[in-house]
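Asker: the following block contains a protein sequence and its predicted model.
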Amino acid sequence: MSTIRAVVAGCGSIWPVWDRMLRDRGVPVLGFVDPEPSRAATAAVGFTGAKPFAGIREALSELAAANPSLLVNLTPPAAHAEVTMAALRAGLDVISEKPLAADLADGLRVVAAARSAGRSVSVMQNRRHEAAFGPLAEFAVALPGPVYVSCDFFVPWTYGGFRDEMASPLLEDLLIHPMDQARCLVAAEPEWVFCHESTIAGSWMAGDAVVTSAVGFADGSVFGYRGSWCGGGKKTSWNGRWRVSAHHCSAHWDGEHAAYVVESELDDASRPTGRCSRRILGPPDAGAVTGHERGLDEILGALAGRRPSRTDAAANLHSVAMIAAARASAAGHRIVALREVYADAERRR
């Protein structure tokens, strides 16, 4: 990756993940940007010649002579669009942590700016790149629709920090992962979202950290999601527990082991009998390779080939729109169509 010269914006809790990945792939970093000078300075120590900066514009201006080609955007979600736009104006490609933007209107602006600049913007949707999820998605997306997809996520958030005080921690911070993954499992595009937020008695989190949601797709498929960050008892994995239900089979993934499918024999009326067979949907490959690493390799390969990545900004807009619709649904206690949130975002961009 010698042709890439990166600038990293954001040196918070996610930076150690990217530190190792960029080192392993030989990506040189010219500068680090963080409003806390000590964090930028600490990150810069590990990369020869890298300089710390407090602001993105200062960094891009001072580093222009070194000809950086890529911005790695690890800033908080609220800053994603502003930082990405600054990089595009400076002629850089961008890899951003999820989400593309905190607001759909900003996401539309980023897509338009990338197209105008002739640059690439890709989003790190690492959950869709998990090794065991790939075979599940390959199997599910080939099923004739409509199908029913479900995901249960029950993990208590016990790590403190800003999420404890968020009004909508699960919706705003984590829900985009399963929403994006559901798009990989259904061949049709999403059309509407219902979302309800609630809590559990005794919760230590200030906001509503329970989400019940459903997404409807153009072919009639439905994705149902149940998640909680504020309850004890038996936990799921951080990837959740997935099921894809079709006429003759069900596919399953517990978020940790290989996915598998259970297929029913059918009677003369095409109804499932009690006899079933089970088969593994391909073992997870390269077991030590994380979804982040697989996602980064896919994006870097796309940059090298000057082609859109699987999570190119334009392709990722529907994932952002699903969260926008979920937010509107939770606020208005109603089903919200994606065309509605797109229309609103177009008016505001």
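Answerer: Received it, and whenever you're ready, just let me know what you need.
Asker: for residue 169, phi and psi?
Answerer: Backbone torsions for residue 169, taken as degrees, to the nearest 10, come to phi -60, psi -40.
Asker: can you name the residues that contact it?
Answerer: Residue 169 is in contact with 157, 163, 205, 207, 209, 229, counting by CB atoms under 8 Å, 6 or more residues apart in numbering. The C-beta positions use only the backbone N, C-alpha and C, and glycine is treated the same way.
Asker: count of neighbours near the last one?
Answerer: Residues near residue 229, counting by other CB atoms under 10 Å, number 27.
Asker: and it, what's its pLDDT?
Answerer: Per-residue confidence (pLDDT) for residue 229: 97.
Asker: and what of the third one?
Answerer: Confidence per residue is given as pLDDT, and for residue 205 that number is 97.
Asker: what do you get for the second one?
Answerer: You'll see residue 163 listed with a pLDDT of 88.
Asker: now do it against residue 205, distance only.
Answerer: Going from residue 163 to residue 205 by CB to CB, to the nearest Å gives 7 Å.
Asker: now distance to residue 76 too, for the contacts of residue 169, in a markdown table please.
Answerer: Conversion of the contacts of residue 169 to a markdown table gives the following (distance: CB to CB, whole Å):
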| residue | distance to residue 76 |
| --- | --- |
| 157 | 17 |
| 163 | 12 |
| 205 | 19 |
| 207 | 17 |
| 209 | 19 |
| 229 | 18 |
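Asker: what is the most widely separated pair among the residues you listed?
Answerer: Using CB to CB, those span at most 10.7 Å, a distance reached by 157 and 207.
Asker: spatially central residue in the chain, please.
Answerer: Centroid-nearest residue in the chain, with CA atoms, centre = their mean: residue 125, separated by 3.2 Å.
Asker: go ahead and confirm it touches residue 311.
Answerer: Yes: here residue 125 reaches residue 311: they are 4.9 Å apart, a contact under CB atoms under 8 Å.
Asker: give the residues shared as contacts by these two.
Answerer: Joint contacts of residue 125 and residue 311 (CB under 8 Å, 6+ apart) are residue 295.
Asker: could you list the buried residues of the longest helix belonging to the chain?
Answerer: Longest helix in the chain, counting residues (DSSP state H): helix 313-332. For helix 313-332, burial by neighbour count (16 or more other CB atoms under 10 Å) applies to 313-317, 319-330.
Asker: what residues sit buried inside the helix or strand where residue 57 lies?
Answerer: Element membership of residue 57 [criterion: DSSP states H and E] is helix 56-62. For helix 56-62, the neighbour count (16+ other CB under 10 Å) marks 56, 59-60 as buried.
Asker: got the contact list for the closest residue to residue 70 other than its chain neighbours?
Answerer: Using CB to CB, 6 or more residues apart in numbering and skipping residues adjacent in sequence, the residue nearest residue 70 is residue 6, 4.6 Å away. Contacts for residue 6 (CB under 8 Å, 6+ apart) come out as 22, 27-30, 68-72.
Asker: please parse the chain into its domains.
Answerer: The record's domain parsing of the chain by automatic domain parsing lists 6-125+291-311, 132-280.
Asker: circling back to that earlier point, and the buried residues of helix 56-62 as TSV, adding pLDDT and distance to residue 10?
Answerer: Listed next are the buried residues of helix 56-62 as TSV, based on pLDDT from 0 to 100; distance: CB to CB, whole Å:
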residue	pLDDT	distance to residue 10
56	97	10
59	97	12
60	97	14
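Asker: mind putting those residues into a markdown table with distance to residue 220?
Answerer: A markdown table is the format used below for these (distance: CB to CB, whole Å):
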| residue | distance to residue 220 |
| --- | --- |
| 56 | 44 |
| 59 | 49 |
| 60 | 47 |
